[in-house]
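[1] sharing a sequence plus its predicted fold:
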Amino acid sequence: MNIKAIFLENKAASSLALTFVLGTAALGYLTWSAWDNYGSATDDYSSKASTLDQLSHKEVFPSDSNLRKISQTLSDNQANLDKLRKALEAFHVATFGEFDKIKPQDQPQYFQDTLRSEVTAIRTLATTSGATLPPDFYLGLDDYENHLPQPEQLPLLSRQLTVLDWLGKSISGLKGAIIADFSLIPTDKGKQGAAPGSQRRGLNAPSSTLPAAGLPYESLGNMRITLRCDQGEFRDLINALSAAPYFLVIEDIKIQNSSGEPPLRDAAPTAPSQPSADGSQPAQRLPIIVGRETINVYLKIRMIDFPSTPSPAKPTH
């Protein structure tokens, strides 16, 4: 059978048949594509419907359970903060001596007299322990050696003196130490209201940083201490600072050996002794080399005060 001849003899029927076949193929492709899209849409709908069903059965946030957990967390955090604040209040710096009992008009003179007395006591302690203080040592408050402080400076100065007196006695008690510097580091805030003549040594007092609103502490200023001592005395000083009754932060520390060279091996090995009874030869004994150099130390110490928090007033009925 000649198919070509049949198509040539029946052109209309052949064209119709070919059109039917091509239409059927196109319709099949479109049907398959639509079915695939339908399947994808159905799966997406099922997934979103399932998610919607899960969300519709959940509690609306914040639920009572969430609120209870949040409230409990806040209460625990507040209790821990109150506990920490109470512990830090142990580092509250009180005014020196009986300053609070002195009449306001007599407080400037009392402060100057007390300062002079403490400086004298520390100089005596240094002499006893063999320590050397700077020639102009005045506990970092040398601006008030010959000038009375202003009344508005006294609340800060009286607390500074408490900490400085403790620091001065701790430093001057180091045996054989040479203290080159013991001074307050000036700040921009300290320039306001400084005592007359306070520029003579480049110091500005009082040196302090007032606390930002809401902070439970106040900085009483920074101390700069430079000294030379042996390693044992330096270790005792660091231990004393860590166990101090006041909150002292060592913000900067530099340590340098006073000698740049290690100790010399200037001793010859010890000659071995006579052989023992069993004929064994004892080992040769080497000398023990111990460095005796001192160290140069620079310390920058921040003094922090944690004022007592007044108890909240109980509501009256």
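    Thanks, I have the structure now.
[2] can we go C-alpha only for contacts and neighbour counts from here?
    OK.
[3] hmm, who's touching the helix or strand hosting residue 71?
    When elements are assigned from DSSP states H and E, residue 71 belongs to helix 64-88. If you take Cα atoms under 8 Å, 6 or more residues apart in numbering as the criterion, helix 64-88 is touched by 216, 306.
[4] from the contact counts, what lies against the helix or strand following that helix?
    Heading C-terminal from helix 64-88, the first helix or strand you meet, by DSSP H and E, is helix 107-129. Packing partners of helix 107-129 (3 or more Cα pairs under 8 Å, 6 or more residues apart in numbering; DSSP states H and E): helix 154-172.
[5] and the helix it packs on with helix 107-129, angle?
    0 degrees (axes from the mean of the first three to the mean of the last three Cα atoms, to 10 degrees).
[6] show me which positions of helix 154-172 end up buried.
    154, 156-165, 167-172 (16 or more other Cα atoms under 10 Å).
[7] hmm, who's touching the very next helix or strand once past it?
    Reading on from helix 154-172 to the C-terminus, the next helix or strand found by DSSP H and E is strand 178-184. Strand 178-184 has contacts (Cα under 8 Å, 6+ apart) with 131-134, 137, 139-141, 171, 203, 207, 221-229.
[8] which ones among those lie within strands?
    In this view, these that belong to strands under DSSP state E are 221-229.
[9] list just the nearest of the residues you listed to residue 256.
    residue 228 (9.5 Å; Cα to Cα).
[10] just list whatever residues bridge to the closest one.
    Note on residue 228: beta-bridge partners by DSSP bridges are residue 178, residue 296.
[11] related to what we said a few turns ago, quick one, which of the contacts of strand 178-184 are buried?
    131-133, 137, 139-141, 171, 203, 207, 221-229.
[12] quick one, domains of this protein?
    1-39, 91-259+292-305 (automatic domain parsing).
[13] hmm, residue 302 is touching residue 246, no?
    No. Counting by Cα atoms under 8 Å, residue 302 sits too far from residue 246 to count as a contact (10.6 Å).
[14] gap between stretch 54-72 and the chain center?
    Centroid displacement of stretch 54-72 relative to its chain, using Cα atoms, centre = their mean, to the nearest Å, is 37 Å.
[15] now that stretch: average pLDDT?
    Taken as a whole, stretch 54-72 has a mean pLDDT of 82.
[16] mind listing what's buried in it?
    Per 16+ other Cα under 10 Å, stretch 54-72 contains no buried residues.
[17] please apply the same query to stretch 123-131.
    Result for stretch 123-131 [16+ other Cα under 10 Å]: buried residues 123, 125-127, 130-131.
[18] do the same with stretch 101-119
    Buried, per 16+ other Cα under 10 Å, within stretch 101-119: 107-108, 110-112, 114-116, 118-119.
[19] could you do stretch 85-95 as well?
    Result for stretch 85-95 [16+ other Cα under 10 Å]: buried residues 85, 88-89, 91-95.
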